[in-house]
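Enquirer: Next come a sequence and a model predicted from it.
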Amino acid sequence: MKHLLASGAVGVGLLIGSSTMASAQSCEISIGSVLSITGSMAAIGSAIGDAGKLAVDHFNEAGGVNDCSVKYILRDDQGSPNVGVDAAKTLVEIEKVPVLLGAIQSGVSLPILTSVTVPAKVTQISCCSSAPSFTTLAAEGGTQGYWFRTLPTDRPQAAVLAKIAAERGYKKIAIIHVNSDYGVSLAGRFKQDIEKLGVTVTNMVAYNQEQASYRAEVNAALQGEPEALFLVAFPADGATVTREWISFGGPQKFVFSNALRADEFVESVGAEYLADAFGIDNAQVEGESVDAFNKAWEAAFGSAPNGPGLHTMYDAAAVALLAMEQAGEATGTAIRDNIRKITSGDGEVIYPGVEGFKKAKQLISEGKAIRYVGATGPLEFDQNGDVTGPYLIWGVKDGELVTLDKWDNQRVSAAIGEIDN
Amino acid sequence: MLQALADGILSGSIIALGAIGLTLTMGILRFANFAHAELVTWGAYMALAVLGLTGAFLGPIAPFSFGIPLIFATLVAAVLTSLLALAIDWLVYRPLRQHTNHLTIVFGSFGVSLLVRMVILLIFGGAAQYYSRTLQIAVPVLPGMRILPDQLFTLGITAIIVVGLHFFLQKTRLGLAMRALAENPELARVNGLDTRVVVRWTWVIGASLATVAGVLYGLTVQLRPEIGFHLILPLFAAVILGGVGNVFGAVIGGLIVGLAESFAVLIVPAGYKMAVPFIILLAVLYLRPTGIFAGSVGGAK
């Protein structure tokens, strides 16, 4: 244990040390990050920290921001809001960071946002907090525009699924969803959206995870003779629900949430029952910009970037740094006002990595427009700081998961627009 | 409404099978064996393992989703589960019975249950498994009521086992000995009853019934390492409801718990149905601590 602690301390020392050593320039800009390095999210937290560090290293190698080297300061929130707020306060008040990356959990990000970053006019960009409450807060003006996240929320997912379900001609649909923040919010959104498109939701049933049987839930959902089922679930429980739905005579027409796009799920249910099913997932897992990040990650760490939050964290750091470069100054407000300039429009496309950042710096210095297409593909922040990514529609054919359709940003925005008006 | 009735009776009959074994061991060995539910899991997984070895020869017997191999696998699994129960008794409970008080054995059983579950997790992994991947489609029996053929089989086998066990306890010498030991251990011993033999057979019967319950559960629902963990509360509720040591009480208790769970969904959201056995348990403990049928405490009748 002592040894472990010691090596951990050396590791952190190196982490901070290496970014300081890169400072050949005279000035230095600090950016802060609050993540869960220990606590319940520890398994993913430190790799996410590395992803942020990688973006900063790439930028420093490309010459730094406004000819200043960037110092990346990572603080642990231990998965707790109190610790997270303290860490954020230290970063903002003592280190004077203009931008704060984090946190992972929505429950930590929210108090940091309302009690630290917004009052101090510091931009906050989260890689991983997906709760819908941020969108509400932003729409009410509570974030003053200082809040961004690089992870798509459930808003576009619900809209796209509702649109397709309505187009398929379903008139009555039942919803079964996992009883978590994710499930409740996606199911609720979907219900709102699909009812606007004239489809009746016969029943909305929540289920608790890790149960052996969901017969009661399925029976409740079968009341009112729905023509199809919208299921928000994770693969194992989702398979149980789907099997019981089919067993008890439910129509074999399904709308599936993103988490069900897994071979395990198709295999457990049986592909022959899923011919009429479709689901959604983020489509931003391929493309040149994604490959650029994946290669850079492999070069730095010797393994593929498999894990949640790595791509989104890299992009969170990258857009913050590019916005600083674009603004020519390192203040929270300047970053806030420039993030959309470097991610939207018709500017020259910039990919992740040292070369990409060099090119971006060159173009900005020449006064030309750039558009960053990141590790998660194209990023476009709406007025609430949320991104709408492209989506793919998947189905099952010949026992395999296949892509049925692709929705790019415009199509997604059009669908949301149609539903909202 | 009808569907809830059918579902309740079916899940109740599986609870009943597990509860019979629990009520016997509780009545005769006189401690709350929290590891009993893990015997259900163990039995179910042993049958899966045997099925994996023998393969699906002969194919399923219509209209059921299983055939001779599963029945054979269940018998082998019952033997393996009995061996596990005897081994646990010999290694853990026997030394504890001799030296320490009642509570220590109960805590010991907690430890054993965790151990068994983790061993299953280690060998078979945590993902859900099935005896057969083919999906059975439920048959409409009455308007608004659908039943799987496998569920009817479950109901039938439960009825046969309950009746058989009743005759065993009433008519055979061993059954009499078991009842005697449950009623008054000192008197039974004074009369020259070999308690070790009776205890051994109690374990074998309890473990075998647990195996059958586990296999039926796996057949109508699915196999997961947490089967036992999720069944533990309904099992205890059923046993206490029926009165500890009362075989018929355990069956009725199991049916009541199953029905209560499935009818509860009509009133409260489905996510909260797990709380129903708790409420029944508390209500019975408060109103009739000896169970609804019990005349005396701790008698196998």
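Expert: Perfect, I can see it now. Residues are numbered from 1 along each chain as shown, chains lettered A, B, ... in the order given.
Enquirer: excluding its backbone neighbours, what's nearest A:Trp245?
Expert: Counting by CB to CB, 6 or more residues apart in numbering or on different chains, A:Val218 is the residue found nearest to A:Trp245 once chain neighbours are left out, at 5.1 Å. Where C-beta positions appear, they are placed from N, C-alpha and C, glycine not excepted.
Enquirer: Beyond whichever strand or helix holds the one you found, next helix or strand please.
Expert: In the assignment (DSSP states H and E), A:Val218 maps to helix A:215-222. Counting by DSSP H and E, the next helix or strand C-terminal to helix A:215-222 is strand A:228-232.
Enquirer: Name the residue of the stretch 101-250 of chain B that lies nearest to chain A.
Expert: Nearest residue of the stretch 101-250 of chain B to chain A, counting by CB to the nearest CB: B:Val221, 4.5 Å away.
Enquirer: Kindly report the residues of chain A close to chain B.
Expert: A:179, A:205-208, A:210-217, A:219-220, A:236, A:239-240, A:243, A:246-249, A:264, A:268-270, A:273 (CB under 8 Å from any CB of the partner chain).
Enquirer: Go ahead and confirm the residue nearest to A:Trp245 touches A:Phe248.
Expert: Yes. In this structure, A:Val218 is within contact of A:Phe248 by CB atoms under 8 Å, at 5.8 Å.
Enquirer: Which one's more surrounded, those two?
Expert: Neighbour count, other CB atoms under 10 Å in any protein chain shown: between A:Val218 and A:Phe248, A:Val218 has more, with 27 against 19.
Enquirer: need the contact list for the more buried one.
Expert: A:Ile176, A:Val241, A:Glu244, A:Trp245, A:Phe248, A:Gly250 (CB atoms under 8 Å, 6 or more residues apart in numbering or on different chains).
Enquirer: Could you dump these into TSV and include secondary structure, pLDDT and distance to A:Ala166?
Expert: As requested, the contacts of A:Val218 are exported to TSV (DSSP: H, G, I helix; E, B strand; the rest coil; pLDDT from 0 to 100; distance: CB to CB, whole Å):
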residue	secondary structure	pLDDT	distance to A:Ala166
A:Ile176	strand	95	19
A:Val241	helix	92	23
A:Glu244	helix	90	26
A:Trp245	helix	93	21
A:Phe248	coil	86	26
A:Gly250	coil	89	20
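Enquirer: Considering those residues, which is situated nearest to A:Thr123?
Expert: Lowest distance from A:Thr123 to those (CB to CB) belongs to A:Ile176, with 39.0 Å.
Enquirer: Run through the bridge partners of the closest one.
Expert: Note on A:Ile176: beta-bridge partners by DSSP bridges are A:Val205, A:Leu231.
Enquirer: Can you name the residues that contact it?
Expert: A:205-207, A:214, A:217-218, A:221, A:229-233, A:241, A:245 are the contacts of A:Ile176 under CB under 8 Å, 6+ apart.
Enquirer: Can you check what angle separates the helix holding A:Val218 from strand A:228-232?
Expert: Here helix A:215-222 points in a direction 130 degrees away from that of strand A:228-232 (axes from the mean of the first three to the mean of the last three CA atoms, to 10 degrees).
Enquirer: Nearest residue to the residue of the stretch 251-400 of chain A found nearest chain B in space, please, no chain neighbours.
Expert: Across the stretch 251-400 of chain A, the shortest distance to chain B (CB to the nearest CB) belongs to A:Gly270, at 5.8 Å. Excluding the flanking residues, the one nearest A:Gly270 by CB to CB, 6+ apart is B:Leu135, at 5.8 Å.
Enquirer: Likewise for A:Thr38?
Expert: Of all residues not flanking A:Thr38 in the chain, A:Gln78 sits nearest, at 5.2 Å (CB to CB, 6+ apart).
Enquirer: What values do phi and psi take at that neighbour?
Expert: phi 50, psi 20 (degrees, to the nearest 10).
Enquirer: do the same with A:Ser69
Expert: phi -80, psi 150.
Enquirer: shouldn't it be in contact with A:Asn60?
Expert: Yes. Assessed by CB under 8 Å, A:Ser69 is found in contact with A:Asn60 at 5.5 Å.
Enquirer: Which one of the two is surrounded by more residues?
Expert: Between A:Ser69 and A:Asn60, counting by other CB under 10 Å, A:Asn60 is the more crowded of the two (25 against 21).
Enquirer: quick one: that one from A:Leu54, how far?
Expert: 11 Å (CB to CB, to the nearest Å).
Enquirer: What are the boundaries of the helices in chain B?
Expert: Applying DSSP state H to chain B gives helices spanning B:2-29, B:36-54, B:68-88, B:94-99, B:102-124, B:149-171, B:173-183, B:185-190, B:195-220, B:227-242, B:247-267, B:275-287.
Enquirer: Quick check: which helices or strands does the longest one pack against?
Expert: The criterion is 3 or more CB pairs under 8 Å, 6 or more residues apart in numbering or on different chains; DSSP states H and E, and the helices and strands that helix B:2-29 contacts are helix A:215-222, helix B:36-54, strand B:145-147, helix B:149-171, helix B:173-183, helix B:195-220, helix B:227-242, helix B:247-267.
Enquirer: quick one, the fifth one and helix B:195-220 angle?
Expert: Helix B:173-183 and helix B:195-220 meet at an angle of 100 degrees, taking the same axes, to 10 degrees as the criterion.
Enquirer: got the residues of chain B near chain A?
Expert: So far as CB under 8 Å from any CB goes, chain B lies against chain A at B:3-4, B:7, B:11, B:127-128, B:130, B:133-138, B:140, B:146, B:148, B:217, B:221-222, B:224, B:226-227, B:230, B:261-262, B:265, B:269-271, B:273-274.
Enquirer: Can you go through those and name the buried ones?
Expert: Among the residues of chain B next to chain A, the ones that count as buried by 16 or more other CB atoms under 10 Å in any protein chain shown are B:3-4, B:7, B:11, B:128, B:130, B:135-136, B:138, B:146, B:148, B:217, B:221-222, B:224, B:226-227, B:230, B:261-262, B:265, B:270-271, B:273.
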